[in-house]
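Asks: sequence first, then the predicted structure:
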Amino acid sequence: MAERTMTVFKPDSVERGLVGEILARFERSGLRIVGSKTLTVTEEFVSHHYPDKTDFLRSMGMKTLENYAENGLDPIKELGTDDPVKIGTQIRRWNMEFLSRGPVIAFVLEGNHAVANVRRLVGKTIPSTAEAGTIRGDYSVDSSILANREKRAVQNLVHASGTVEEAKEEIKLWFKEDELV
């Protein structure tokens, strides 16, 4: 049974002219485009994409704390806190600023296990830890540590829904039903 997922080419992939190359990887893997649009989004719109929910914020904060621990860094010294929700709140703000800074291209892709396949193709969220052969591993070397020091979002080229449920919610946010084939 075909599954749908949401993918957003972030401003860094648009600015660098990587959209066609990245999209070709999705299509070569057997995924089909069932919706697409180019737009500039506001921070208000993006605030719905990155929810202000404690579980979501804690999850982002915990990933950052794990990354800091792996690299022997003190989050209090680097970020001023070790509270995962406070860290997640800051990262959410940076992500909202980043996604709204320039044009993005939103896609709905459809295919067998679309969510898992897109996640596999894009690689780990933090490009510096993504494997070679993945989109993030091949086209970016950014890290959360560098991004946090520069008080900005990690530039990881593309958003990919994490679960089938998340994909359904994101597709509803980004597309009207009549915009999908």
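Replies: The structure has been received and is ready for your questions.
Asks: please name the residues that touch the spatially most central residue of the chain.
Replies: The residue lying closest to the centre of the chain (C-alpha atoms, centre = their mean) is His159, at 2.9 Å. By C-beta atoms under 8 Å, 6 or more residues apart in numbering, the contact list for His159 reads Met6, Thr7, Val8, Lys10, His49, Leu99. (C-beta placed from N, C-alpha, C; glycine too.)
Asks: is it true that the fourth one touches Val154?
Replies: Read it as Lys10. No: counting by C-beta atoms under 8 Å, Lys10 sits too far from Val154 to count as a contact (9.9 Å).
Asks: ok, these two, which is more surrounded?
Replies: Val154 (25 against 22; other C-beta atoms under 10 Å).
Asks: how is the nearest residue to the more buried one once chain neighbours are set aside assigned, secondary-structure-wise?
Replies: Nearest non-adjacent residue to Val154, counting by C-beta to C-beta, 6 or more residues apart in numbering: Ala147, 4.5 Å away. Of the three states, Ala147 takes helix under DSSP: H, G, I helix; E, B strand; the rest coil.
Asks: contacting residues for Ala147?
Replies: Shown in contact with Ala147 (C-beta under 8 Å, 6+ apart): Trp94, Ala153, Val154, Gln155.
Asks: right, I'll call it a day here.
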